[in-house]
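Q: Sequence isn't available, so here's the structure alone:
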């Protein structure tokens, strides 16, 4: 479940930091890179760590993985596997799991028993340093999933990672233009909830956008949209939107949703549709809609596209207290209906 998310630079293309709660293989994530952390020179599968979960449940032994790029002896202290194909997926992998990742990266932390505040945050600095180097080696990872680094086997209290989060992530994204999404996940809600509240506080956002809302009264809209999503990739194979379609379908398969999750996932899918329609590799959604208006796309479709964009911005951007307002079932119905119309009419003329 997407607990919280925010645009690291609201004035640029939509690039987000996301907090997701749940077991990795239940989240339905499809990422280019899965990050794990370990003590330097020690890959002992300590219970409760991601390395332990990969080893015990799915037969993935981090110490025995091949290395396509090894920077473990440098200041970055990390290494990355070659691409993992379907044949590399272990026999124990859950058949029903939609979660997939293209590569695995291992971030090695220092051996010191006690870490200072700077060392506590250094695992994320190592990660951003690694992500900055990867494109130079021809390795592109626009979607990256990582647990709360250093909070497992290294036993660093999660709250020690929080104070510098926004600044460090913004700086990290700035130096890695290829990075579109950084997904921080944890099986337990509490550590990420502290982080989610900190994000809301620092961005001046209403925490109500993270309240779980039942979709019982909107079930017809939900089911209709879910049907469109599940067949959309086959109808438009050149769109290459499997990740966005899969994640939004995974979200709507439940009978409840958080507004922030619905807004962020929907806006991301619409951005992909607009860029593909315009022949752009990437670009801002607002500018893309201006271009569609010049191409005389139906004003009604444009209004629906804008509704999805504005709802997503409402969820992902900071807002002053005087503009806080609760998300109602009418808002969700408007959002779901607009997205349904956008998908139903694609490609727009």
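A: Noted; the coordinates are in hand. The shown structure was predicted, so the numbers you read here are calculated from the model rather than taken from an experiment.

Q: all helices of the stretch 151-300 of the chain, in order?
A: 165-175, 189-203, 219-235, 242-252, 259-278, 285-294, 299-316 (DSSP state H, counting those that start in this stretch).

Q: looking at those helices, which is buried most?
A: Of all the helices of the stretch 151-300 of the chain, helix 259-278 has the most neighbours on average by mean count of other Cβ atoms under 10 Å, namely a mean of 23. Placement of C-beta: from N, CA and C, glycine included.

Q: From the contact counts, what lies against that one?
A: Secondary structure elements in contact with helix 259-278, counted by 3 or more Cβ pairs under 8 Å, 6 or more residues apart in numbering; DSSP states H and E, are strand 2-7, strand 16-21, helix 242-252, helix 285-294, helix 299-316, helix 329-344.

Q: just checking, what packs against the second one?
A: Where contact means 3+ Cβ pairs under 8 Å, 6+ apart, strand 16-21 is packed against strand 2-7, strand 181-186, helix 189-203, helix 259-278.

Q: and these as a markdown table, adding distance to residue 223 and mean pLDDT?
A: Output for those, formatted as a markdown table (distance: least, Cβ to Cβ, whole Å; pLDDT from 0 to 100):
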| stretch | distance to residue 223 | mean pLDDT |
| --- | --- | --- |
| strand 2-7 | 21 | 84 |
| strand 181-186 | 27 | 90 |
| helix 189-203 | 28 | 81 |
| helix 259-278 | 15 | 92 |
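
Q: Can you tell me which of these is nearest to residue 76?
A: Counting by Cβ to Cβ, residue 76 lies closest to strand 181-186 out of the helices and strands packed on strand 16-21; the figure is 17.0 Å.

Q: What pairs with that closest one, parallel or antiparallel?
A: strand 16-21 (parallel), strand 143-147 (parallel) (DSSP bridges).

Q: Residue 284 is nearest to which of the ones you listed?
A: So among those, strand 16-21 is nearest, using Cβ to Cβ, at 13.9 Å.

Q: helices or strands next to the lowest-mean-pLDDT helix or strand in the chain in the packing?
A: Every helix and strand of the chain was ranked by mean pLDDT, DSSP states H and E. The lowest is helix 50-58, at a mean of 75. Judged by 3+ Cβ pairs under 8 Å, 6+ apart, helix 50-58 is in contact with strand 30-39.

Q: Now do the strand it packs on against helix 50-58, angle only.
A: Counting by axes from the mean of the first three to the mean of the last three Cα atoms, to 10 degrees, strand 30-39 lies at 120 degrees to helix 50-58.

Q: List the residues that contact the residue sitting furthest away from the middle of the chain.
A: Centroid-distance maximum for the chain: residue 296 at 32.9 Å, with Cα atoms, centre = their mean. Taking Cβ atoms under 8 Å, 6 or more residues apart in numbering as the definition of contact, residue 296 has no neighbours.

Q: ok, the one residue sitting closest to the centre of the chain to residue 17 distance?
A: Nearest to the geometric centre of the chain sits residue 183, at 4.0 Å (Cα atoms, centre = their mean). For residue 183, the distance to residue 17 (Cβ to Cβ, to the nearest Å) stands at 8 Å.

Q: out of the strands paired with strand 181-186, nearest to residue 189?
A: strand 16-21 (4.8 Å).

Q: got a list of contacts for that closest one?
A: 1-8, 27, 29, 169, 173, 180-189, 192, 195-196, 199, 264, 268, 316.

Q: Please produce TSV containing the helices and strands packed on helix 259-278, extended by distance to residue 61.
A: Listed next are the helices and strands packed on helix 259-278 as TSV, based on distance: least, Cβ to Cβ, whole Å:
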stretch	distance to residue 61
strand 2-7	30
strand 16-21	25
helix 242-252	27
helix 285-294	42
helix 299-316	38
helix 329-344	42
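
Q: Out of those, which is closest to residue 278?
A: helix 285-294 (5.7 Å).

Q: for the stretch 1-150 of the chain, what are the low-confidence residue spans?
A: Low-confidence segments of the stretch 1-150 of the chain, defined by pLDDT under 70: 10-13, 57-58, 85-98, 110-121, 150.
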